[in-house]
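Novice: What shape does this take:
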Amino acid sequence: MSVEKNVPEIRFKGFGGEWVENNLGGLAEIVRGASPRPIEDPKWFDKSSNVGWLRIRDVTEQDGRIHYLEQRISKLGQEKTRVLFDQNLLLSIAASVGKPVINYVETGVHDGFLIFKKPRFELEFMYQWLKSFELEWQQYGQPGSQVNLNSDIVKNQVVFTPCEKEQTAIGNTFQKLDSLINQHQQKHDKLSNIKKAMLEKMFPKQGETIPEIRLKGFSGEWVESSIGEICGATFGGGTPSTNEKDFWQGEIPWIQSSDVKDGIVSSVTAKKYITKSAVNKSATKLISGNSIAIVTRVGVGKISLMQDEYATSQDFLSLSDLKIDSQYAVYVIWKQLQIEKEQVQGTSIKGITKDELLGKFINYPETEEEQTAIGNYFQKLDALINQHQQQISKLNNIKQACLSKMFV
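Specialist: Below you'll find the predicted structure:
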């Protein structure tokens with residue numbers, strides 16, 4: 001009995017036979033883009049032009065599917081480059097090498113890209129195959145002032161292809177997956193933008209006591225106090241001895257900075273659990289539920305409202321016995337920490353001391369009802385954002401698994 005080689009692990013019903021070995025250069029006329037020089041000269045560009053100018057940042061921002069190009073190339077510039085008026089497959093060979101691209105708009109292509117002209121393959125199939133091969137391209141990159149991928153390497157690269165109908169079936173499947181991922185990403189980004197806007201408008205601006213937007217039924221000025229004044233107790237953390245294996249076989253969640261998500265306020269799933277003996281014989285503390293855990297070093301500003309009893313590493317300060325609504329408190333503190341992170345202009349905050357954190361001022365409504373309503377509003381937003389992020393991660397994992405099993 002003969003065993004077929006060069007067939008994928010997973011295959012659509014109705015297709016059989018071995019895939020055919022080719023070189024990429026034998027499946028298309030592969031040509032390099034061209035750039036007018038010097039590229040900084042403004043005469044090459046014209047905002048009123050119908051033809052866009054493709055840059056690597058466009059590829060990363062749009063994940064390879066180019067539907068819009070902000071920079072436009074002039075008629076004079078078009079004479080010095082390669083202009084694509086129809087949909088084409090491209091591959092980046094400079095800077096971020098090995099990224100496949102499909103243009104859906106009129107595009108001027110600079111010399112950091114290869115164009116697959118006169119293809120003898122289904123466009124979507126080969127786009128996805130190039131996606132599956134992206135990491136390998138990066139290993140071929142020529143070191144220098146920036147990584148470059150030699151066009152001859154691309155032309156000589158071996159690829160196995162099935163018949164046209166099977167290519168179409170595979171390409172369509174991945175296109176649908178990409179469309180679903182994109183839909184969730186758009187919803188995720190829209191909700192994130194709404195949240196950002198509401199964080200600006202639903203809390204008073206500096207020096208003011210009333211927010212720009214207020215939930216219906218509430219009025220009156222807000223109160224200002226330090227974070228230290230809104231909690232009855234604070235707790236640091238520590239790490240029980242890793243040599244004592246029994247310490248790490250308990251039921252008390254012990255959280256680390258890596259357990260807390262960045263960008264949203266969410267519940268935390270601990271990866272490690274400790275015993276009461278571990279708490280008694282180390283610097284970590286047993287902290288009551290309904291407390292706020294704040295990362296004060298190694299990921300400063302990450303924060304979570306902990307519903308049940310827990311312990312933390314030394315990277316945290318926890319606030320307990322809260323005097324205002326806990327769901328509201330976690331958001332107003334998170335907002336204050338985000339403002340301060342933005343003020344350091346991209347450089348990471350290495351740490352914040354207990355006194356610095358407790359000395360920071362926050363605003364809050366006098367009534368607990370309004371505090372609760374605001375806290376719940378943002379909690380629901382974060383839950384929706386998190387749901388879309390989970391779907392994006394799940395679909396990306398499915399896609400990566402399929403890429404490895406549906407190609408030879």
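Novice: The closest residue in space to Lys195 that isn't next to it in sequence: which element?
Specialist: Counting by Cβ to Cβ, 6 or more residues apart in numbering, Lys195 lies nearest to Leu381, which is 4.9 Å off, once chain neighbours are set aside. For every residue, glycine as well, the C-beta is placed using N, CA and C. Assigned by DSSP states H and E, Leu381 belongs to helix 368-405.
Novice: helices or strands up against that helix?
Specialist: Helix 368-405 sits against helix 123-132, helix 164-201, helix 326-343, with contacts defined as 3 or more Cβ pairs under 8 Å, 6 or more residues apart in numbering; DSSP states H and E.
Novice: Stretch 388-403: which residues count as buried?
Specialist: By neighbour count with 16 or more other Cβ atoms under 10 Å, stretch 388-403 contains the buried residues His388, Gln389, Gln391, Ile392, Leu395, Lys399, Cys402, Leu403.
Novice: Oh, that last question was meant for stretch 48-60, not what I typed.
Specialist: Ser49, Val51, Gly52, Trp53, Leu54, Arg55, Ile56, Asp58, Val59.
Novice: So which residues of this protein form helices?
Specialist: Along the chain, counting by DSSP state H, helices occupy 24-27, 56-61, 75-78, 123-132, 134-140, 151-156, 164-201, 276-280, 326-343, 354-358, 368-405.
Novice: In CSV, list the C-alpha atoms belonging to stretch 311-327.
Specialist: Coordinates of each C-alpha in stretch 311-327 appear next as CSV, following Å, rounded to 0.1, in the frame of the first residue of the first chain:
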residue,chain,number,x,y,z
ALA,A,311,-2.8,37.0,48.4
THR,A,312,-0.3,38.8,46.1
SER,A,313,3.3,39.0,45.2
GLN,A,314,5.4,41.9,46.3
ASP,A,315,4.5,43.8,43.1
PHE,A,316,1.1,44.9,44.6
LEU,A,317,-0.5,47.2,47.0
SER,A,318,-4.1,46.2,48.0
LEU,A,319,-6.8,48.5,49.3
SER,A,320,-9.4,47.1,51.7
ASP,A,321,-12.4,48.2,53.8
LEU,A,322,-13.3,50.7,51.1
LYS,A,323,-15.5,53.7,52.1
ILE,A,324,-16.9,54.3,48.6
ASP,A,325,-18.4,51.8,46.1
SER,A,326,-15.7,49.4,45.2
GLN,A,327,-16.6,49.1,41.5
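Novice: now it: mean pLDDT?
Specialist: Across stretch 311-327, pLDDT averages out at 97.
Novice: tell me which residues of it are tucked away?
Specialist: Under 16+ other Cβ under 10 Å, the buried positions of stretch 311-327 are 311-320, 322, 324-327.
Novice: and Leu191, how many neighbours?
Specialist: Counted by other Cβ atoms under 10 Å, the residues lying close to Leu191 total 19.
Novice: cool, Glu370 as well?
Specialist: By other Cβ under 10 Å, neighbour count at Glu370 equals 20.
Novice: domain ranges for the chain?
Specialist: Listed domain ranges for the chain are 20-161, 163-217+365-408, 223-364 (source: automatic domain parsing).
Novice: Distance to Arg11 added to these, as TSV?
Specialist: TSV is the format used below for those (distance: least, Cβ to Cβ, whole Å):
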stretch	distance to Arg11
domain 20-161	13
domain 163-217+365-408	7
domain 223-364	37
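Novice: what residue ranges in the chain are flagged as low confidence?
Specialist: Low-confidence segments of the chain, defined by pLDDT under 70: 1-4, 141-147, 343-349.
Novice: One more pass at 80, please.
Specialist: 1-4, 140-148, 266, 339-350 (pLDDT under 80).
Novice: Parallel or antiparallel, list what pairs with the strand ranked longest in it.
Specialist: Counting residues, the longest strand in the chain under DSSP state E turns out to be strand 316-322. Each strand paired with strand 316-322, and its direction, by DSSP bridges: strand 231-235 (antiparallel), strand 291-295 (antiparallel).
Novice: quick one on the thing from earlier: tell me how many other residues surround the residue nearest to Lys195.
Specialist: 19.
Novice: Could you verify my assumption that it touches Lys196?
Specialist: No: here Leu381 does not reach Lys196: they are 10.2 Å apart, not a contact under Cβ atoms under 8 Å.
Novice: returning to what we had before: angle of the longest strand of the chain against helix 326-343?
Specialist: Here the directions of strand 316-322 and helix 326-343 differ by 140 degrees (axes from the mean of the first three to the mean of the last three Cα atoms, to 10 degrees).
Novice: neighbouring contacts of strand 316-322?
Specialist: Residues outside strand 316-322 that contact it (Cβ atoms under 8 Å, 6 or more residues apart in numbering): 227, 230-237, 255, 257, 285, 287-288, 290-296, 306, 312, 329, 333, 354, 357.
Novice: List buried residues within those.
Specialist: The neighbour-count test (16+ other Cβ under 10 Å) applied to the contacts of strand 316-322 identifies 227, 230-231, 234-237, 255, 257, 285, 287, 291-296, 306, 312, 329, 333, 357 as buried.
Novice: List the buried residues for stretch 124-132?
Specialist: Glu124, Phe125, Met126, Tyr127, Gln128, Trp129, Leu130, Lys131, Ser132.
Novice: what two of the residues you listed are the furthest from one another?
Specialist: Pairwise distances among the buried residues of stretch 124-132 were taken by Cβ to Cβ; the largest, 13.0 Å, belongs to Glu124 and Ser132.
Novice: Turn the buried residues of stretch 388-403 into CSV, including distance to Val300.
Specialist: Listed next are the buried residues of stretch 388-403 as CSV, based on distance: Cβ to Cβ, whole Å:
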residue, distance to Val300
His388, 26
Gln389, 22
Gln391, 29
Ile392, 26
Leu395, 31
Lys399, 33
Cys402, 38
Leu403, 36
